[in-house]
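1. Quick one: sequence and predicted model below, then my questions.
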Protein chains: 2
Amino acid sequence: MADDRLERILELLRTQGGRLTTSRRAIVAALLESGLHVTAEDLAEHVQAAHPDIHRSTIYRTLDTLAGLGVVDHVHLGHGPAVYHLTDQPHHHLVCDACGAVVELPARALSALRRRVERDYGFQLDPGHFALAGRCAACAPVG
Amino acid sequence: MADDRLERILELLRTQGGRLTTSRRAIVAALLESGLHVTAEDLAEHVQAAHPDIHRSTIYRTLDTLAGLGVVDHVHLGHGPAVYHLTDQPHHHLVCDACGAVVELPARALSALRRRVERDYGFQLDPGHFALAGRCAACAPVG
DNA sequence: GACGTTCTTGCGATCAGGTCGCAATCGCCC
DNA sequence: GGGCGATTGCGACCTGATCGCAAGAACGTC
């Protein structure tokens, strides 16, 4: 079924006028093999283990193309590099300022806030594109 | 009353072991004269209009010191530079992905979410440190 | 299977935002 | 007014990301 997802994404790429290149296959495969969040550099490392010639800029460009197709999105988790994730499981991120831990939050956790913000401000929250900062249980100040 | 705030901050700086320098006076004054959100570069420009010798790195260092005192905090509004703001009026930010507009949100708008996240995940949200992305009323997709 | 068009790629330069080490300077306390 | 130590200006540096360019590869057509 990971193969299914791979083929589906590659097919999407091809039918939208893109080309199926070795680089893109490798990058999408690496993306599927990775955890829920990967930085572009992590992905580059992963990809280059098997294909040392695939350049950093190709990783960025491919991620950009995939973002255009709605396949991936990226989130800024505070100060470091952005992390990319597939869009098929919308979720939110809690990021600990102190230790950098990332906690997943189901998409519906913010639905009340979304409704409220839309009603009061006409603002449509994009539920996948931001991280919520704070302190995780381990790093929380006492009290 | 802006003078009050200025003096209060400078006093805080001095009593915490810091020194009152020309640079710091100028930077804090500029901060108070600026709008609610200002980037470090904007602040540098403002400060340098009157004190051309104050270096960019001094701006960053002073902002860092002030953050340590709890006087200012910074937020990352998406891809660009961070924006700094005084902490005396806690609030949140809605940032439009399309046009960059920033909408203020009163701190209490997130209190329900805060309670819930703390209860369910033991995670203490830091209410000032993140921006909520999405589309503002003007840029929202129709429907 | 060869061909030509057009999209992709590798490469290195470049950019933005921010940080750091160092020597010189300046505040503050006595 | 002197001395200690914090602060500053300066420029080099760092990371994350983007870009222009020429070479290379994919795909539709024949």
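-> Looks like it arrived, so ask away.

2. With adjacent residues omitted, what lies nearest to A:Ala101?
-> Counting by CB to CB, 6 or more residues apart in numbering or on different chains, A:Cys136 is the residue found nearest to A:Ala101 once chain neighbours are left out, at 4.8 Å. Where C-beta positions appear, they are placed from N, C-alpha and C, glycine not excepted.

3. quick one, what contacts the one you found?
-> Applying CB atoms under 8 Å, 6 or more residues apart in numbering or on different chains to A:Cys136 gives the contacts A:94, A:96, A:98-99, A:101, A:103, B:122-123.

4. Would you list the buried entries among those?
-> A:94, A:96, A:103, B:123 (16 or more other CB atoms under 10 Å in any protein chain shown).

5. Can I get stretch A:41-60 in CSV? Just the C-alpha atoms.
-> The C-alpha coordinates for stretch A:41-60 follow below in CSV (Å, rounded to 0.1, in the frame of the first residue of the first chain):
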residue,chain,number,x,y,z
GLU,A,41,18.0,18.3,4.6
ASP,A,42,16.9,15.0,6.2
LEU,A,43,15.2,14.1,3.0
ALA,A,44,18.3,15.0,1.0
GLU,A,45,20.4,12.8,3.2
HIS,A,46,18.0,9.9,2.8
VAL,A,47,17.8,10.3,-0.9
GLN,A,48,21.5,10.7,-1.4
ALA,A,49,22.2,7.5,0.4
ALA,A,50,21.0,5.7,-2.7
HIS,A,51,21.5,8.4,-5.3
PRO,A,52,24.4,10.6,-4.3
ASP,A,53,24.0,12.7,-7.5
ILE,A,54,20.7,14.1,-6.6
HIS,A,55,21.3,17.7,-5.6
ARG,A,56,19.9,19.7,-2.7
SER,A,57,18.3,22.1,-5.0
THR,A,58,16.4,19.3,-6.8
ILE,A,59,15.0,18.3,-3.5
TYR,A,60,13.7,21.7,-2.8
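
6. Now do the buried residues in that stretch.
-> Residues A:42-44, A:46-48, A:54, A:58-59 are the ones in stretch A:41-60 that count as buried (16+ other CB under 10 Å).

7. tell me the SS of the residue nearest the centre of chain A?
-> By CA atoms, centre = their mean, chain A has its centre lying nearest to A:His85, at 2.0 Å. Classification of A:His85 by DSSP: H, G, I helix; E, B strand; the rest coil places it in strand.

8. hmm, back to that, now do the phi/psi pair for the residue nearest to A:Ala101.
-> Note on A:Cys136: backbone dihedrals following degrees, to the nearest 10 are phi -70, psi 170.
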